[in-house]
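A.B. asks: Provided below are the primary sequence and the corresponding predicted coordinates.
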Amino acid sequence: MTSINTNSSAMAALQTLRNVNSNLTSTQTAVSTGLRISKASDNATYWSVATTMKSDVGALGAVSDALGLGAAKVDTAYTAMDSSISIVSQIKDKLVTAKEGSVDKTKVQAELSQLQSQLKSVAQSASFNGENWVAAASGGDASVVSSFVRDSSGGVSVSSATYTFNSGAKGNVLFGASGGSIDTTKGILGTVDASAGGYSVSSLDISSMTGGQIDSAMTMVETALSAMTSAAAQLGSLSSRIDLQTSFASSLSDAITSGVGKLVDANMEEESSKLSALQTQQQLAIQSLSIANSSSQGILSLFR
């Protein structure tokens, strides 16, 4: 029986066309965006995980930038400390020279004064982004962002690596700092050594020293070299840790990005095949609907 009120064939063809169009829209979206899950309605669970992890990747990027800034600070401090070790080694050489009885100590002191001025210049210049790690107030610490952490409960935190200025008797700094200026009475090179006649490395004056006093000054300089070497070793270790963490942050970011891709990225080969098939199905559904609609037109011939 043919009915002019209800066309079951047309209704079936129309429903098929709707389904095909819906699937075609989803496939076209996947092809154009490269994502099979681009919004929460596609898959709420995977979308939520992917969105959170993408945010973490952004945080890791910020950590990498902070590590780069920290590395620059550490490298600046290490360069200054290494240069100062070389200068203090030259001071020790001059003291050895001054032990020779025929040497004019006044001329040796003139050379020492130039080296002492250079030490202060190095310490003053070793500043990066307003921070100076070799001329700092004792009691303070410097920190470098090292990692972004998300724990099992979903809580997040940022951890830091610390360099302590006041470690040891004279600290890990060449000079102290006060009110934004270098304090040449503190630090490894500024702290007075009573056994060396009340001098520090930066204020040492051998012009009128006896051989025994020069020996005491040499002991003071050697102690300073040991402290500076220890501080440089700590800076080197911190630099190595920053390099390792930078590499890890980059690898971790790549791993997370890859994991997110597995959750939400579209399989382009599969989507391409689906697109071709759905386009064909759409054409067939339109043709089927046209045939179903035209079948009712035959009834008109019965009334002629």
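C.D. replies: Sure thing, it's come through.
A.B. asks: okay, now Ser83: neighbour count?
C.D. replies: 18 (other CB atoms under 10 Å). C-beta here means a position set from N, CA and C on the backbone, and glycine is covered the same way.
A.B. asks: ok, now which ones touch it?
C.D. replies: By CB atoms under 8 Å, 6 or more residues apart in numbering, the contact list for Ser83 reads Val122.
A.B. asks: rerun at 10 Å
C.D. replies: Going by CB atoms under 10 Å, 6 or more residues apart in numbering, Ser83 touches Gln118, Leu119, Ser121, Val122, Ala123, Ser125, Ala126, Val134.
A.B. asks: the first one - nearest residue in space that isn't next to it in sequence?
C.D. replies: The shortest distance from Gln118 to any non-neighbouring residue, by CB to CB, 6 or more residues apart in numbering, is to Ile87 (5.6 Å).
A.B. asks: count of neighbours near that neighbour?
C.D. replies: The burial count for Ile87: 18, using other CB under 10 Å.
A.B. asks: tell me the helix or strand right after whichever strand or helix holds Leu119.
C.D. replies: Element membership of Leu119 [criterion: DSSP states H and E] is helix 105-125. Following helix 105-125 in sequence order, the next helix or strand is strand 127-128 (DSSP H and E).
A.B. asks: contacts for that next one, please.
C.D. replies: With CB under 10 Å, 6+ apart as the criterion, strand 127-128 contacts Leu69, Gly70, Ala72, Lys73, Val74, Asp75, Thr76, Ala77, Ala80, Trp133, Val134, Ala135.
A.B. asks: now the buried members of those.
C.D. replies: Buried residues within those, counting neighbours by 16 or more other CB atoms under 10 Å: Gly70, Lys73, Val74, Thr76, Ala77, Ala80, Trp133, Val134, Ala135.
A.B. asks: quick one: residues contacting the nearest residue to Glu222 once chain neighbours are set aside.
C.D. replies: For Glu222, ignoring the flanking residues on the chain, the nearest one in space by CB to CB, 6+ apart is Lys92 at 6.9 Å. Residues near Lys92 by CB under 10 Å, 6+ apart: Val201, Ala217, Met218, Val221, Glu222, Ala224, Leu225.
A.B. asks: make a markdown table from the residues you listed and add pLDDT to it.
C.D. replies: Formatted as a markdown table, the contacts of Lys92 follow (pLDDT from 0 to 100):
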| residue | pLDDT |
| --- | --- |
| Val201 | 93 |
| Ala217 | 92 |
| Met218 | 93 |
| Val221 | 94 |
| Glu222 | 94 |
| Ala224 | 93 |
| Leu225 | 95 |
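A.B. asks: could you give me the PyMOL selection string for whichever of those residues are buried?
C.D. replies: Buried residues within those, by 16+ other CB under 10 Å, are selected in PyMOL with:
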select buried, resi 201+217+218+221+224+225
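A.B. asks: of all the contacts of Lys92, which two lie farthest apart?
C.D. replies: Distance extremes for these: the farthest pair is Ala217 and Leu225 at 12.7 Å, using CB to CB.
A.B. asks: can you give me the distance of the residue nearest to the spatial centre of the chain to Lys54?
C.D. replies: In the chain, the C-alpha nearest the mean C-alpha coordinate belongs to Ser64, at 1.6 Å (CA atoms, centre = their mean). Distance of Ser64 to Lys54, given as CB to CB, to the nearest Å: 16 Å.
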